[in-house]
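> Sequence plus the predicted model coming up.
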Amino acid sequence: MQDHEEPLSLVLFSGTDDKLNAAAILAVGAAAMGRPVNVFLQYYALRAFRAGTLRADHALASEATEALSPVIRAHGTPHWSELLRQAKDVGEVNIQACALSMDMFRLKHDDLDPLVDGVEGVTAFYLNAGQGHMVFI
Amino acid sequence: MQDHEEPLSLVLFSGTDDKLNAAAILAVGAAAMGRPVNVFLQYYALRAFRAGTLRADHALASEATEALSPVIRAHGTPHWSELLRQAKDVGEVNIQACALSMDMFRLKHDDLDPLVDGVEGVTAFYLNAGQGHMVFI
Amino acid sequence: MQDHEEPLSLVLFSGTDDKLNAAAILAVGAAAMGRPVNVFLQYYALRAFRAGTLRADHALASEATEALSPVIRAHGTPHWSELLRQAKDVGEVNIQACALSMDMFRLKHDDLDPLVDGVEGVTAFYLNAGQGHMVFI
């Protein structure tokens, strides 16, 4: 069906491990269906993609209770960065850092993990999004 | 108009009462306009739909101040679970639990409130979403 | 391209300065590309648009660490309210307060900043959204 070839575009704002995992699940699912996936990294999500920090503890959303956190942490799915790597292996996944957030945190492309393909502005992100779904996480 | 018959698809991640209420308002409004509504329950939102817990206090978003919380709590709209029930009465509302989140929290379909129609993966969710709006809450 | 003339519709729920800034960047970018922009203000975002409060400190998302907050605060982009003003200057930006949230906080149209064009329900918001992107922030 034509609609499933439309891109999925994710604006990632939050940098907690649970939201990054939810985003990675959406990305890998869309990639496996043959949909192009565009990821735009802003604010706290961008910081989670700095080189050497992907596997660090990025905390959980504030609504995660103390009782719940170890349950979420113990879940046996691959790490979100590994899910994104798999998504790149099976499909067309384009991960871009937001130029404004890069400037805010004084980051250069070299400061980011190789999973990040480049740096762009919001206009380029819109152009790639086309008529597909756009989601803010 | 054709576009208003496109589905509204909600990925519910947060399980606080304010976000669940915002989601339910979007759902009931779309259902009343004749749009199919798909709801996909993940993480904290899934836990809010466990049998016997819908009317429990699910807290508010972390930005709710102490002064604001009683104002929000006192507002006279129906509870979000009642709004979703109304949405099901007037339209086609399909509420599915995310299979991965079910596994994470070791939940079975029987553990969930009857408002939840089933358990599915992200691929099924995408297939139902078609070209309609997709929103992450 | 036709798809870029489709509206961008933002449901603003959060009222923290970082999320409002992320929303304003999306709005001004879309407006500059000639896309109509619809903004629907709910809950905490609505409160941030009360007259006289736009430039107040609306805090940051709960995941902003103490080390990060001054960096975000010091960033030299215009304030989000100024970005929205610019978006209105260059394009067609329609900012509406959610009628239910207005009722919840006992607000009248006069209580809001002039940036807000009116008060509407979710049905009107959907009608304006058409087939464009819809994002919840």
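Good, I have the coordinates.
> touching chain C at all, the worst-scoring helix or strand of chain A on mean pLDDT?
Using mean pLDDT, DSSP states H and E, the weakest-scoring helix or strand in chain A turns out to be helix A:69-74, at a mean of 95. No. Under the criterion of Cβ under 8 Å from any Cβ of the partner chain, helix A:69-74 makes no contact with chain C; the nearest approach is 14.4 Å. To be clear about C-beta, it is placed using only N, CA and C from the backbone, and glycine gets the same treatment.
> continuing past that helix, what's the next helix or strand?
On the C-terminal side of helix A:69-74, the closest following helix or strand by DSSP states H and E is helix A:80-90.
> ok, and for that following helix, which residues are buried?
A:Trp80, A:Ser81, A:Leu83, A:Leu84, A:Arg85, A:Gln86, A:Ala87, A:Lys88 (16 or more other Cβ atoms under 10 Å in any protein chain shown).
> Kindly indicate which of those lies nearest chain C.
Chain C lies nearest to A:Trp80 out of these, by Cβ to the nearest Cβ, at 15.4 Å.
> so that closest one touches A:Asn21, yeah?
Yes. The criterion here is Cβ atoms under 8 Å, and A:Trp80 meets it with A:Asn21 at 4.5 Å.
> can you list the residues of chain A near chain B?
By the criterion of Cβ under 8 Å from any Cβ, the positions of chain A lying close to chain B are A:3-4, A:6, A:18-19, A:22, A:25-26, A:29-30, A:32-33, A:35, A:61-64, A:68, A:71-72, A:75, A:77, A:131, A:133-137.
> Filter these down to just the buried residues.
A:3-4, A:6, A:18-19, A:22, A:25-26, A:29-30, A:33, A:35, A:61, A:63-64, A:68, A:72, A:131, A:133-137.
> Nearest to C:Ala97, out of the buried residues of helix A:80-90: which one, please.
Sorting these by distance to C:Ala97 puts A:Trp80 at the head of the list, at 36.0 Å, by Cβ to Cβ.
> returning to what we had before: so how far is the least confident helix or strand of chain A off the chain centroid?
In terms of Cα atoms, centre = their mean, to the nearest Å, the gap separating the centre of helix A:69-74 from the centre of its chain is 21 Å.
> Please, where are all the helices along chain A?
A:17-32, A:43-48, A:69-74, A:80-90, A:99-104, A:122-129 (DSSP state H).
> Would you format the ones you listed as a markdown table with distance to B:Ala97 included?
Shown next, in a markdown table, are these (distance: least, Cβ to Cβ, whole Å):
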| stretch | distance to B:Ala97 |
| --- | --- |
| helix A:17-32 | 14 |
| helix A:43-48 | 26 |
| helix A:69-74 | 16 |
| helix A:80-90 | 20 |
| helix A:99-104 | 33 |
| helix A:122-129 | 28 |
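> Out of the ones you listed, the one nearest C:Thr53 is which?
It is, among the helices of chain A and with distance given as Cβ to Cβ, helix A:43-48, at 22.4 Å.
> Is the closest one positioned near chain C?
Yes. Using Cβ under 8 Å from any Cβ, helix A:43-48 reaches chain C at A:Tyr43, A:Tyr44, A:Arg47.
> Just put those residues in a markdown table and tack on pLDDT and neighbour count.
Shown next, in a markdown table, are the residues of helix A:43-48 next to chain C (pLDDT from 0 to 100; neighbours: other Cβ atoms under 10 Å in any protein chain shown):
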| residue | pLDDT | neighbour count |
| --- | --- | --- |
| A:Tyr43 | 98 | 27 |
| A:Tyr44 | 98 | 26 |
| A:Arg47 | 98 | 19 |
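> could I get these as JSON lines with distance to B:Met102?
Conversion of the residues of helix A:43-48 next to chain C to JSON lines gives the following (distance: Cβ to Cβ, whole Å):
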{"residue": "A:Tyr43", "distance to B:Met102": "30"}
{"residue": "A:Tyr44", "distance to B:Met102": "27"}
{"residue": "A:Arg47", "distance to B:Met102": "31"}
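> Just name the closest of those to chain B, please.
For the residues of helix A:43-48 next to chain C, the residue nearest chain B by Cβ to the nearest Cβ is A:Tyr44; the value is 13.9 Å.
> Can you tell me which residue of chain A sits closest to chain B?
A:Gly29 (3.6 Å).
> nearest to B:Glu92, of the helices of chain A?
Taking Cβ to Cβ, helix A:17-32 is the member of the helices of chain A nearest to B:Glu92, at 23.0 Å.
> What helices and strands are in contact with that closest one?
Using 3 or more Cβ pairs under 8 Å, 6 or more residues apart in numbering or on different chains; DSSP states H and E, the elements in contact with helix A:17-32 are strand A:8-12, strand A:37-41, helix A:43-48, helix A:80-90, helix B:122-129.
> Quick one: work out the angle between that helix and strand A:37-41.
With axes from the mean of the first three to the mean of the last three Cα atoms, to 10 degrees as the criterion, the two stretches helix A:17-32 and strand A:37-41 enclose an angle of 150 degrees.
> residues making contact with helix A:17-32?
Applying Cβ atoms under 8 Å, 6 or more residues apart in numbering or on different chains, the external contacts of helix A:17-32 come out as A:8, A:10, A:12, A:14, A:37, A:39, A:45, A:48, A:57-61, A:64, A:72, A:77, A:80-81, A:83-84, A:86-88, A:90-93, A:135, A:137, B:11, B:13, B:42-43, B:98, B:100, B:121-123, B:126, B:136.
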